[in-house]
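S.K.: what follows is a predicted protein model with its sequence.
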Amino acid sequence: MREMLKKAPQLIPVYLHRYIPIINKEPTPVFSIHDTDIAYYGENLESYLEIEFGNKKQSEINFEIIKGIPFWSDL
């Protein structure tokens, strides 16, 4: 597991336990990571901000457009 984590894209903290991976993929999803609970919290940064500030519901995330991020999407 540690070896896989070393190869995983690094994460940039956005706010509290929300992170965006450093990876060259569009759209780049925002993850909510709290302990071992990892979930998508937006298709991209714009979507995340809409959800965080109440203009969009988390249930409205379009999971079909999110491309998998090595390691993080697998958890």
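M.R.: Sure, I can see it.

S.K.: quick one: buried residues of the longest helix belonging to the chain?
M.R.: As assigned by DSSP state H, the longest helix anywhere in the chain is helix 45-52. For helix 45-52, the neighbour count (16 or more other CB atoms under 10 Å) marks L45, S47, Y48, I51, E52 as buried. In this view, the C-beta of every residue, glycine as well, is placed from N, C-alpha and C.

S.K.: equivalent analysis for stretch 51-67, please.
M.R.: Under the neighbour-count rule (16+ other CB under 10 Å), stretch 51-67 has I51, E52, K56, I61, I66 buried.

S.K.: so for that stretch, what's the average pLDDT?
M.R.: Mean per-residue pLDDT for stretch 51-67: 91.

S.K.: what's in contact with it?
M.R.: 15, 18, 25-27, 29, 40-43, 47, 50, 73 (CB atoms under 8 Å, 6 or more residues apart in numbering).

S.K.: max pairwise distance over the buried residues of stretch 51-67: which two?
M.R.: Checked with CB to CB, these reach their widest spread between E52 and I66, with 17.1 Å between them.

S.K.: can you map out the helices along this protein?
M.R.: 2-7, 45-52.

S.K.: what sits up against the helix or strand of the chain with the lowest mean pLDDT?
M.R.: Ranking every helix and strand in the chain by mean pLDDT, DSSP states H and E puts helix 2-7 at the bottom, with a mean of 85. Contacts to helix 2-7, defined as CB under 8 Å, 6+ apart, come from residues P70, F71.

S.K.: just the CA atoms of it, as PDB, please.
M.R.: C-alpha atoms of helix 2-7 as PDB (Å, rounded to 0.1, in the frame of the first residue of the first chain):
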ATOM      1  CA  ARG A   2       2.800   2.400   0.800                       C
ATOM      2  CA  GLU A   3       4.400   1.800  -2.600                       C
ATOM      3  CA  MET A   4       1.100   2.600  -4.300                       C
ATOM      4  CA  LEU A   5       0.700   5.800  -2.300                       C
ATOM      5  CA  LYS A   6       4.200   6.900  -3.300                       C
ATOM      6  CA  LYS A   7       3.100   6.600  -7.000                       C
END
